[in-house]
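Enquirer: I would like the atomic coordinates for the input below:
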Amino acid sequence: MGVFTILLPFILLLALPDVQSSNTSTSFSINLIDKYSPESPFFPGNITFLERMEMMVRDSEARVAYLNSINERSSTPNYITSYVTNQGFAYVAEARVGGSGKYFYFLLDTGSDLSWVLCKEDRGFHFWDPGYYNPYKSYTHRDIQCNDPVCGGSCKQEKCSYEIHYGDGSSIRGYVVRDSFRFKAPQELTFLNVLFLCVDPKSALHKVEGILSMSSSPNSFTSQFSKYIKSRFSYCLVPRKENGLAPISYLKFGNDMGYLSPRVQKTKFFKPDNLYSLELVDVSVDNKRLHYPPGAFRHGIYSGFLIDSGSAISHLHASVYWRLHKAFEEYFDRLQLVKRESCLGGIQLCYRLPKHIKSFPSMTYHFKDGANLKIAPEQTFIINRKEGTLDLAVMLNPSLNVLGAYQQQNTRFTFDNRENSLYFVPENCALDPPT
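Expert: Down below sits the predicted model:
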């Protein structure tokens with residue numbers, strides 16, 4: 001861990017985001033911590049594989065409920081979206097904010113418009129609660145004034161303020177500021193003048209300290225520093241171990257994107273509400289096309305296939321899910337596998353797994369522009385050899401289609417906002433070094 005350096009007051013005069021790094025390269029990485037790993041504040045302790053997977057599935061249900069709430073939200077100012085609980089997020093990053101002496105745990109979110117952190121204002125000189133960011137104890141802090149273009153015209157006590165309401169009845173309150181973010185990364189890296197929300201802790205729940213926005217919104221973290229990171233980022237999620245724990249993965253920025261592999265594929269985004277959505281046209285099971293009719297995957301509130309690191313499990317709209325379900329049923333009926341009465345969480349298809357069954361079918365997502373994302377059997381199913389269980393890692397959803405983090409494992413995904421494209425290529429993510 002590098003030594004934290006307090007930045008000098010003249011930095012307050014800078015109007016635009018900037019970067020301060022001990023590394024002269026334009027490539028860098030940030031640790032991605034699985035939410036339920038021992039390094040995370042949400043670590044549930046020594047629980048079984050099935051208990052950990054059950055929590056992961058339940059979190060996925062909470063996540064898609066959040067994605068649904070984005071479509072129903074009412075907010076002021078209206079460009080801001082975010083979320084308030086730790087449910088429905090899969091990965092955590094650590095960063096210091098301003099002059100704070102602690103690292104905050106930020107939930108990684110490709111669906112939020114703007115990052116936020118818990119704040120407590122204290123203009124005095126006595127000791128303040130170190131568990132919160134205090135803008136008035138930071139030399140690099142700057143309030144956003146009411147006449148600033150990013151404020152959107154909402155003003156309270158001469159500061160750009162906000163209150164966001166969601167379809168599930170939750171809300172958050174606070175105001176918009178700029179300050180520095182220093183990430184806990186393999187090399188020293190400080191981002192200056194980051195625009196983010198200073199959130200009233202009374203309106204945030206479940207130990208959440210902050211959200212790191214990775215959406216394509218103009219005010220997301222990635223968009224603010226688009227010039228430095230070349231408008232792109234990538235990750236390669238390391239598969240879970242037999243006990244359900246996931247090793248650290250890396251969120252990478254800049255040049256090191258895996259573009260040089262001859263197997264890399266590319267597909268275009270179309271972006272409802274600044275989310276990353278893909279044009280899915282068909283699915284294969286065991287290399288056999290299911291032949292969905294044209295436009296089948298345009299059902300649902302986002303009219304596409306969202307790729308989302310916050311959803312642990314993939315989801316398919318009811319209009320397309322059951323054809324996939326039937327294809328897997330027919331495959332396992334030939335093997336005479338016995339269905340279990342109770343699956344993990346809300347999963348609809350699961351089996352008892354005999355010891356003699358050694359191989360399983362893969363599935364492939366086919367996109368409009370010819371790209372094909374093959375999901376290995378180990379990511380198509382949640383397999384527990386010890387307990388003899390097998391669950392399909394795709395859930396039925398009444399509203400939307402989502403590619404979850406579990407099915408993204410062992411593939412490098414590069415989000416290129418300049419080209420409006422997703423690049424992907426198979427990779428052994430356990431061998432992915434930090435930049």
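Enquirer: Tell me how far residue 263 lies from residue 431.
Expert: Distance, residue 263 to residue 431, using Cβ to Cβ, to the nearest Å: 16 Å. Yep, even glycine has a C-beta here, placed from its N, CA and C like the rest.
Enquirer: which stretches of the stretch 1-150 of the chain aren't confidently modelled?
Expert: Applying pLDDT under 70 to the stretch 1-150 of the chain flags residues 1-26, 66, 68-89, 121-130.
Enquirer: where do the helices sit along it?
Expert: Here the stretch 1-150 of the chain has its helices, by DSSP state H, counting those that start in this stretch, at 49-72.
Enquirer: Please enumerate the strands of it.
Expert: 18-21, 28-34, 74-76, 91-97, 104-109, 116-118, 142-143 (DSSP state E, counting those that start in this stretch).
Enquirer: Tell me which of those is the most buried.
Expert: strand 116-118 (a mean of 26; mean count of other Cβ atoms under 10 Å).
Enquirer: So which elements touch that strand?
Expert: If you count contacts as 3 or more Cβ pairs under 8 Å, 6 or more residues apart in numbering; DSSP states H and E, strand 116-118 packs onto strand 104-109, strand 189-199, strand 210-213.
Enquirer: Would you convert these into a markdown table that also reports distance to residue 355?
Expert: Below are the helices and strands packed on strand 116-118 laid out as a markdown table (distance: least, Cβ to Cβ, whole Å):
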| stretch | distance to residue 355 |
| --- | --- |
| strand 104-109 | 38 |
| strand 189-199 | 48 |
| strand 210-213 | 43 |
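Enquirer: Of all those strands, which one is nearest residue 332?
Expert: Closest of these to residue 332 is strand 104-109, at 34.5 Å (criterion: Cβ to Cβ).
Enquirer: That closest one pairs with which strands, and in what direction?
Expert: strand 91-97 (antiparallel), strand 210-213 (parallel) (DSSP bridges).
Enquirer: What number of residues are in the vicinity of residue 336?
Expert: 7 (other Cβ atoms under 10 Å).
Enquirer: ah, wrong one, I meant residue 347
Expert: Neighbours of residue 347 (other Cβ under 10 Å): 20.
Enquirer: quick one, phi/psi of it?
Expert: Per-residue torsions, residue 347: phi -70, psi 140 (degrees, to the nearest 10).
Enquirer: Which residues are in contact with it?
Expert: Counting by Cβ atoms under 8 Å, 6 or more residues apart in numbering, residue 347 touches 57, 313, 382, 391, 392, 393, 395.
Enquirer: Any idea which of those residues the model trusts least?
Expert: Of all the contacts of residue 347, residue 57 has the smallest pLDDT value, namely 84.
Enquirer: which residues sit in contact with the nearest residue to that residue once chain neighbours are set aside?
Expert: Spatially, and ignoring its direct neighbours in sequence, residue 57 is nearest to residue 345 (2.9 Å; Cβ to Cβ, 6 or more residues apart in numbering). Residues near residue 345 by Cβ under 8 Å, 6+ apart: 54, 56, 57, 58, 60, 61, 313, 395.
Enquirer: again, 7 Å this time
Expert: 54, 57, 58, 61 (Cβ atoms under 7 Å, 6 or more residues apart in numbering).
Enquirer: for the second one, what are its contacts?
Expert: Going back to what we said before, that points to residue 57. 313, 344, 345, 346, 347.
Enquirer: which of the contacts of residue 345 has the most neighbours?
Expert: Neighbour-wise, the contacts of residue 345 (other Cβ under 10 Å) top out at residue 57, 21 neighbours.
Enquirer: Quick check: that residue vs residue 311, distance?
Expert: 10 Å.
Enquirer: same check, this time on residue 53
Expert: Taking Cβ to Cβ, one finds residue 53 at 14 Å from residue 311.
Enquirer: In terms of neighbours, single out the busier of these two.
Expert: Ranked by neighbour count (other Cβ under 10 Å), residue 53 and residue 311 place residue 311 first, with 32 against 24.
Enquirer: Test my guess that the more buried one contacts residue 65.
Expert: No. Residue 311 is not in contact with residue 65 according to Cβ atoms under 7 Å; the separation is 10.6 Å.
Enquirer: returning to that earlier point: from the contacts of residue 57, which land in strands?
Expert: Using DSSP state E, no member of these sits in strands.
Enquirer: Please convert the residues you listed to JSON lines, extending it with distance to residue 138.
Expert: Below are the contacts of residue 57 laid out as JSON lines (distance: Cβ to Cβ, whole Å):
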{"residue": "313", "distance to residue 138": "39"}
{"residue": "344", "distance to residue 138": "44"}
{"residue": "345", "distance to residue 138": "41"}
{"residue": "346", "distance to residue 138": "43"}
{"residue": "347", "distance to residue 138": "45"}
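Enquirer: coming back round to it: among the contacts of residue 347, who's most crowded?
Expert: Going by other Cβ under 10 Å, residue 313 tops the contacts of residue 347 with 31 neighbours.
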